[in-house]
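Student: Could you look at this predicted model? Sequence included:
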Amino acid sequence: MREVSDLRFPTEWNPAARLLKRKIIMHVGPTNSGKTYSALLRLQEADSGVYLSPLRLLAHEIFERMNKVGKPCNLVTGEERRYGVHDVNGIPDPLAAKIVSSTIEMANLDRKVDIAVVDEIQMLADPDRGWAWTQALVNLPAKEIHLCGEPTVVELVKKICALTNEEVIVNHYDRLSKLELQEESLRGNFKKIQKGDCVVTFSRKNIFAVKKAIEEETGLLCAVAYGSLPPESRSSQARLFNEPDSGYDVLVASDAIGMGLNLNIRRIIFEAVEKYDGSVVRTLSLTQLKQIAGRAGRFGTDYAVGQVTTLAQGDIPTLKRALAIPMIEINRAAIQATPEMIEEFSVQMPGAPFSHVLRMFEMMSRNSPLFFPALYRNMIATAEIIDKIEMPVRERIPFIAAPIQLRNPAVVDAAVKMAGAVGASKPITVDEVVHVPAEGSREEENLDLGKLESSHRIIMLYLWLR
């Protein structure tokens, strides 16, 4: 069991990557510095390649961009597949496009490519999802890998690549547009909101309350963007805000704008610098504050100089300190066991609940100083809700990796139904786990936004597991 749970040598997990003499190129700099643009130009030139995204929305964007410039590209996410090449009858040809845009958790570690672009590489330190970035860095079988992100991760990447005997080339980028801190806040006055402003707050309730207040006090229409909003809706709202003649001149958003949306923002206004993280209210991290603030201003537009401030004067010192302090170096990367390791480990504990197997694996695993185990908290919590369902371990593993929102009872109930069907080897349709009212019906008119979002999450979970 000690041997199976040994996570100290992740560079040995994919021999195919070690057989390649990979070239690692880093593009590092702040938001609005053009670092990802440079890497994508290289991908456009490639005979074969992959773009790995932190968000489904961003994977969509690159999929559309590549196909628009005449570079056939497929899309691969947990929920869907789209193809860039179709025959004369409109039937897709999955093998025709040699470029793939994918969410990072769906990275194909068996497909050899010429060029790989991994976006937001600093995410390898994220305790929940960072393992996917570490896995891509260490195990992608690509001749040339372009890593885009913050300078804070450069030394860690060099140390990891030293284990694989690979050289790292670092390209530094400066911000293309100037960012200014306005030390005078709005002092709670929404009438000071102007066209091109983005107000950042951290709950759906606050987003719509702020939207209502701004529209009532200024007459300006507001678009909205937040994490629970489906990616397609977020993209639509972003287009409304970006189009000068749409009538939507202000954006009210959560920290979801930190990644994945191209926005033409004049000024970022923090409604607060604290957020509830599911257990406690905490001040946003230095990285979060800098990344969100950096969305203000865009090179080559009317907003070439970005501005940032707060709604409350008391939050100005926190924001000023965050923008002034250098970013903290990242010194460890998240790592997670492969499904094969977990399955082999579980064989040593016949009859034990799968949640207990995961706890034991976490407790017994060994890690090197460069890596830390990704938090098993959500995986264990998910395993607990399906522990009583008879199911082979191989079929449990996709469930513990699935995007199940554990705080949402409707999503949890749907996940249990799906697990029960898998355990019983019976088919289950999406209509059996979620009820969507007929379009134009009275029932549809009475649906609130929370129920609609839950229904969307259940449908996305069904597609992910399918």
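Tutor: Nice, thanks for sending it over.

Student: tell me the strands in the stretch 251-400 of the chain, going along the chain?
Tutor: 267-270, 274-276, 281-283, 305-310, 333-335, 371-373 (DSSP state E, counting those that start in this stretch).

Student: So which bits of the first one are buried?
Tutor: Yep, that's strand 267-270 we're talking about. 267-270 (16 or more other C-beta atoms under 10 Å). In this view, the C-beta of every residue, glycine as well, is placed from N, C-alpha and C.

Student: before we move on, what about the second one?
Tutor: Taking 16+ other C-beta under 10 Å as the neighbour-count basis, strand 274-276 is seen to contain the buried residues Lys275.

Student: helices or strands up against it?
Tutor: strand 281-283 (3 or more C-beta pairs under 8 Å, 6 or more residues apart in numbering; DSSP states H and E).

Student: gap between Tyr276 and Arg204?
Tutor: According to C-beta to C-beta, to the nearest Å, Tyr276 and Arg204 sit 12 Å apart.

Student: nearest to Val113, of the strands of the stretch 251-400 of the chain?
Tutor: strand 333-335 (22.2 Å; C-beta to C-beta).

Student: Can you tell me the strand partners of the closest one and which way each runs?
Tutor: strand 371-373 (parallel) (DSSP bridges).

Student: Residues in contact with the partner strand: which ones?
Tutor: Residues from elsewhere that reach strand 371-373, judged by C-beta atoms under 8 Å, 6 or more residues apart in numbering: 7-8, 10, 127, 134, 332-336, 362, 365, 367.

Student: now stretch 382-395
Tutor: 339, 342-343, 346, 353-355, 357-358, 396, 399-400, 402, 404, 406, 412, 415-416, 419-420, 422-423.

Student: Of those, select the buried ones using a PyMOL command.
Tutor: Restricted to buried positions by 16+ other C-beta under 10 Å, the PyMOL selection for the contacts of stretch 382-395 reads:
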select buried, resi 342+343+346+354+355+357+358+396+399+400+402+404+412+415+416+419+420+422+423
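
Student: In helices, which of the contacts of stretch 382-395 fall?
Tutor: 339, 342-343, 346, 354-355, 357-358, 396, 399-400, 412, 415-416, 419-420, 422-423 (DSSP state H).

Student: before we move on, back to that, can you name the two of the buried residues of strand 267-270 that are farthest apart?
Tutor: The widest separation within the buried residues of strand 267-270 (C-beta to C-beta) is 10.7 Å, between Arg267 and Phe270.

Student: Can you report how many residues lie near Ile328?
Tutor: 10 (other C-beta atoms under 10 Å).

Student: ok, now how distant is it from Thr103?
Tutor: According to C-beta to C-beta, Ile328 and Thr103 sit 27 Å apart.

Student: cool, Pro339 as well?
Tutor: Where Thr103 is concerned, Pro339 sits at a distance of 18 Å (C-beta to C-beta).

Student: cool, Val50 as well?
Tutor: For Val50, the distance to Thr103 - C-beta to C-beta - is 11 Å.

Student: Those two: which has the busier surroundings?
Tutor: Val50 (27 against 21).

Student: helix, strand or coil for the more buried one?
Tutor: strand (DSSP: H, G, I helix; E, B strand; the rest coil).

Student: ok, it - contacts?
Tutor: Counted by C-beta under 8 Å, 6+ apart, Val50 has contacts 99-102, 107-108, 111, 113, 115-117, 140, 142.

Student: in the sheet, who's paired with it?
Tutor: If you apply DSSP bridges, the partners that Val50 bridges to are Val100, Ala116.

Student: Below-threshold pLDDT in the stretch 301-450 of the chain: ranges please.
Tutor: Counting by pLDDT under 70, the stretch 301-450 of the chain contains low-confidence residues at 375, 441-447.

Student: confidence score at the residue nearest to Thr338 when sequence neighbours are not counted?
Tutor: Counting by C-beta to C-beta, 6 or more residues apart in numbering, Thr338 lies nearest to Trp13, which is 6.6 Å off, once chain neighbours are set aside. Note on Trp13: pLDDT of 88.
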